[in-house]
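Trainee: Coordinates only, no sequence provided:
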């Protein structure tokens with residue numbers, strides 16, 4: 001099976017070069033590697049042969065970079081990797097075995113954050129309930145309860161010791177049959193950063209394409225490459241774009257309004273009990289968050 005490795009890159013070349021070192025020692029004639037430089041301030045340069053570099057004229061974001069790197073690849077498997085990942089010596093062989101086990105499926109490996117244990121990334125698609133809960137300021141107090149996190153995000157079918165179906169898996173490391181990727185239309189380039197992986201798999205779900213969390217493949221996420229540049233505006237724009245492209249905008253706004261109303265009631269009661277107006281600032285923040293989603297604009301647009 002031919003593997004097409006696509007690595008979107010922006011900024012500091014060190015993590016990307018480290019990932020390429022991990023991969024280069026185990027390449028064969030059935031693997032090609034493409035780094036897509038998303039208009040980095042200093043153009044990416046890679047010593048040695050065997051790596052194709054595609055340069056974007058402007059900073060278009062993750063989805064656009066993956067599409068550019070995958071263009072012309074219509075067979076085999078796209079192996080989409082964040083530039084701040086590290087992989088082990090058996091990674092490519094494990095990917096091939098997983099793809100052979102689950103032909104025609106979108107696959108997501110286990111991901112270890114830094115030095116932590118590898119965990120599955122299977123999640124549920126956003127619902128009115130999960131979005132409502134996500135707006136509540138007292139959510140962090142509930143996060144320690146396993147049932148709450150399972151309700152809010154995690155797909156209960158996903159296991160850490162066996163391959164499992166999932167609604168969606170993280171785009172930080174994503175293995176997609178090239179033919180299926182292009183049949184779905186690739187990533188929606190309306191997204192800049194975050195959410196494009198969820199939306200692609202939402203389309204896959206509607207098309208009957210299975211998504212699997214695979215326990216036999218693991219990567220380590222060093223973090224920091226995209227998050228170093230991350231702004232709240234990116235998150236808000238991603239939320240709005242996802243709601244629009246999945247035709248959920250009305251339900252999303254209802255959920256946020258409901259969450260803001262609950263937060264107002266909670267904070268109002270707390271303010272009366274404490275005889276302080278300080279809790280009301282949290283309620284104001286909930287309504288401000290809803291307004292930010294309504295007003296969100298594409299961060300790529302000039303001011």
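Mentor: Sure, I can see it. Everything numeric here is computed off the predicted structure, so don't read it as measured data. Numbering: from 1, shown residues only.

Trainee: Is residue 271 in contact with residue 277, as I believe?
Mentor: Yes: using C-beta atoms under 8 Å as the test, residue 271 is close enough to residue 277 to be in contact (6.0 Å). For glycine as for every other residue, the C-beta is placed from the backbone atoms N, C-alpha and C.

Trainee: Which of the two has more residues huddled nearby?
Mentor: residue 271 (17 against 9; other C-beta atoms under 10 Å).

Trainee: which ones are touching residue 197?
Mentor: Contact analysis of residue 197 by C-beta atoms under 8 Å, 6 or more residues apart in numbering lists 168-171, 174, 187.

Trainee: I'd like to know which of the residues you listed is nearest to residue 49.
Mentor: Of all the contacts of residue 197, residue 174 has the smallest distance to residue 49: 26.4 Å, by C-beta to C-beta.

Trainee: Any chance of the backbone angles for the closest one?
Mentor: Here is the backbone geometry of residue 174 (degrees, to the nearest 10): phi -140, psi 130.

Trainee: Could you give the number of residues near it?
Mentor: Neighbours around residue 174, by other C-beta under 10 Å: 25.

Trainee: before we move on, what about residue 160?
Mentor: 13.

Trainee: the longest strand in this structure is where?
Mentor: Longest strand in the chain, counting residues (DSSP state E): strand 211-221.

Trainee: Only the buried residues of that strand, if you could.
Mentor: Residues of strand 211-221 classed as buried by neighbour count (16 or more other C-beta atoms under 10 Å): 211-215, 217-221.

Trainee: what packs against that strand?
Mentor: Packing partners of strand 211-221 (3 or more C-beta pairs under 8 Å, 6 or more residues apart in numbering; DSSP states H and E): strand 85-86, helix 91-101, strand 106-113, strand 118-119, strand 164-165, helix 196-207.

Trainee: Now name the helix or strand holding residue 270.
Mentor: Using DSSP states H and E, the element containing residue 270 is helix 249-274.

Trainee: Just give me the closest of the contacts of residue 197 to residue 196.
Mentor: Distances from residue 196 to the contacts of residue 197, taken by C-beta to C-beta, are shortest for residue 187, at 4.8 Å.

Trainee: now the helix holding residue 270: mean pLDDT?
Mentor: For helix 249-274, mean pLDDT rounds to 67.

Trainee: what's the closest of the contacts of residue 197 to residue 96?
Mentor: Of the contacts of residue 197, the one sitting nearest to residue 96 (C-beta to C-beta) turns out to be residue 174, at 15.5 Å.

Trainee: I figured the closest one was touching residue 106, is that so?
Mentor: Yes: here residue 174 lies in contact with residue 106, judged by C-beta under 8 Å, at a distance of 6.9 Å.

Trainee: tell me the angle the longest strand of the chain makes with helix 91-101.
Mentor: 180 degrees (axes from the mean of the first three to the mean of the last three C-alpha atoms, to 10 degrees).

Trainee: Name the nearest residue to residue 82, ignoring sequence neighbours.
Mentor: Once flanking residues are discounted, residue 82 sits nearest to residue 172: 4.5 Å by C-beta to C-beta, 6 or more residues apart in numbering.

Trainee: OK, contacts around that neighbour?
Mentor: 81-82, 85, 111, 121, 219, 221.

Trainee: Most neighbours among those, which one is it?
Mentor: When neighbours are taken as other C-beta under 10 Å, the top entry among the contacts of residue 172 is residue 81 (26 neighbours).

Trainee: For it, report the pLDDT, please.
Mentor: For residue 81, pLDDT reads 98.

Trainee: what two of the contacts of residue 172 are the furthest from one another?
Mentor: Pairwise over the contacts of residue 172, using C-beta to C-beta, the maximum falls at 81 and 121, 13.7 Å.

Trainee: circling back to that earlier point, let me know the closest of the buried residues of strand 211-221 to residue 53.
Mentor: Distances from residue 53 to those, taken by C-beta to C-beta, are shortest for residue 219, at 22.0 Å.

Trainee: does that closest one really touch residue 80, like I thought?
Mentor: No: with contact defined as C-beta under 8 Å, residue 219 does not reach residue 80; the gap is 11.4 Å.

Trainee: Many thanks, we can stop here.
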